[in-house]
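1. I'll drop the sequence and a predicted model, then ask my questions.
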Amino acid sequence: MTKKIFDHLNIANHCRQCDLPLWQCPSFLIVLTGLVTVVAMIGTYFIAIKYTEPEIVALIVIIITGFLTIINYLIIQGFEKLAEANRLKTEFVSIASHQLRTPLTGIKWTINLMMHKQSDQFTKEQLKRLKNIEQSNQRMIDLVNDLLNVSRIEQKRLGLKSKTISLEKTLKEILPEYDVLAKATHTKISLDIKKKLPLIVVDPQGIQLVIHNLIDNAIRYNKPKGQIKIRLSKKPGFVRCEIEDQGVGIPDQDKKNIFQKFFRCRNALKYQTEGTGLGLFIAKAIIDASKGKINFRSQEGQGSTFWFELPINKKQKTKNKKHLF
């Protein structure tokens, strides 16, 4: 615990991690500004007591103010340098992801053509290896797509187009895609939908991505022969979706970081499950942009329940009220 506190207060280490010299590092300069301000206040007090001439006191105050102005300028320069580095990093990720997606898609279609059109020309061992290549290629495509989504989120170019849809219908269209994976992992998926659910206003592709990410995580981190329960219900002004698993759960110390980029729980790494740590970050960005809510409850070793709520179509709500009279 003491080591963690020391690491947190180690300003020099923070500056090295940001690749900034001390005179450009905001953490160091803010501390320095505080120290100079305290010293200046105390010094000014004693000087004012010793010297009665206001000109001397005014001159000292002007000198200290000028020094603090220089430090504040350096702080601003440091933040600008960090912001520029972050912008360049985001642009690089976006450009690199776009460039990678084209050849990866080409590889995907080539492998599909070889496996389905020319399968009689390969032995079982060769087909098995082609299948492994196909799966690895698909993981790369998924990673590239996640990186593109992250870069769009950071550049505030997510581009969601809201439409009125049925969350129940969307969920029922998605679930059959997991039949094979559920059977392979001996996972039972149940669906509990309350009657007369209202329509919601969201981006259809965005909400599909959220549901895919949450179900993928539920299956990936579930225990062998475990169950996944999906519930849809109505809340005041919202439709709520809950996805509950019986998996490894989330340690208490990891809960605060669960929606951060590239973060993966330590028990997830222990079980060697695949993942990039981007799915929940993307899901939260989409739900927030849709004016909804997303959160979870979890206990390590007992499983997790991730839920999100999306706003009901207000026009539909008004229309339903008119029918009551």
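-> Received the coordinates, thanks. Residues are numbered from 1 along each chain as shown.

2. This structure: strands as residue ranges?
-> For the chain, applying DSSP state E gives strands covering 163-165, 188-193, 200-202, 227-235, 238-244, 293-299, 303-311.

3. which of the ones you listed sits most buried?
-> Among those, strand 200-202 has the highest mean neighbour count (mean count of other Cβ atoms under 10 Å), at a mean of 24. Heads up, the C-betas are built off the backbone N, CA and C, glycines and all.

4. what's it packed up against?
-> On a contact count with 3 or more Cβ pairs under 8 Å, 6 or more residues apart in numbering; DSSP states H and E, strand 200-202 meets strand 163-165, strand 303-311.

5. Can you give the distance from that strand to the centre of its chain?
-> Taking the mean of its C-alpha atoms, strand 200-202 sits 21 Å from the chain's own mean (Cα atoms, centre = their mean, to the nearest Å).

6. And stretch 281-292, by the same measure?
-> 9 Å.

7. Please identify the buried residues of that stretch?
-> Neighbour-count burial for stretch 281-292 flags 281, 282, 283, 284, 285, 286, 287, 289, 290, 292 (criterion: 16 or more other Cβ atoms under 10 Å).

8. quick one: which of these is nearest residue 221?
-> residue 283 (14.8 Å; Cβ to Cβ).

9. Helices of the chain, start to end?
-> Under the criterion DSSP state H, the chain contains helices at 2-9, 11-17, 26-50, 54-117, 124-154, 167-174, 179-184, 204-220, 266-270, 279-289, 314-322.

10. Would you mind putting these into JSON lines with distance to residue 198 and mean pLDDT alongside?
-> Listed next are the helices of the chain as JSON lines, based on distance: least, Cβ to Cβ, whole Å; pLDDT from 0 to 100:
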{"stretch": "helix 2-9", "distance to residue 198": "47", "mean pLDDT": "50"}
{"stretch": "helix 11-17", "distance to residue 198": "48", "mean pLDDT": "68"}
{"stretch": "helix 26-50", "distance to residue 198": "48", "mean pLDDT": "73"}
{"stretch": "helix 54-117", "distance to residue 198": "37", "mean pLDDT": "74"}
{"stretch": "helix 124-154", "distance to residue 198": "28", "mean pLDDT": "79"}
{"stretch": "helix 167-174", "distance to residue 198": "9", "mean pLDDT": "92"}
{"stretch": "helix 179-184", "distance to residue 198": "28", "mean pLDDT": "85"}
{"stretch": "helix 204-220", "distance to residue 198": "15", "mean pLDDT": "90"}
{"stretch": "helix 266-270", "distance to residue 198": "36", "mean pLDDT": "66"}
{"stretch": "helix 279-289", "distance to residue 198": "18", "mean pLDDT": "90"}
{"stretch": "helix 314-322", "distance to residue 198": "6", "mean pLDDT": "51"}
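
11. Tell me which of these sits nearest to residue 304.
-> Minimum separation from residue 304 across the helices of the chain (Cβ to Cβ) falls at helix 204-220, 7.8 Å.

12. Now do the closest one and strand 227-235, the angle between them.
-> Per axes from the mean of the first three to the mean of the last three Cα atoms, to 10 degrees, the angle that helix 204-220 makes with strand 227-235 is 140 degrees.

13. between helix 204-220 and helix 167-174, how big is the angle?
-> 60 degrees.

14. hmm, who's touching helix 204-220?
-> Here helix 204-220 makes contact (Cβ atoms under 8 Å, 6 or more residues apart in numbering) with 149, 158, 160, 163, 165, 167, 170-171, 174, 178, 181-182, 185, 187, 189, 228, 230, 241, 243-245, 247, 273-275, 279-280, 282-283, 286-287, 289-290, 294, 304, 306, 308, 310.

15. So which residue is smack in the middle of the chain?
-> Nearest to the mean C-alpha position of the chain, by Cα atoms, centre = their mean, lies residue 281 at 1.4 Å.
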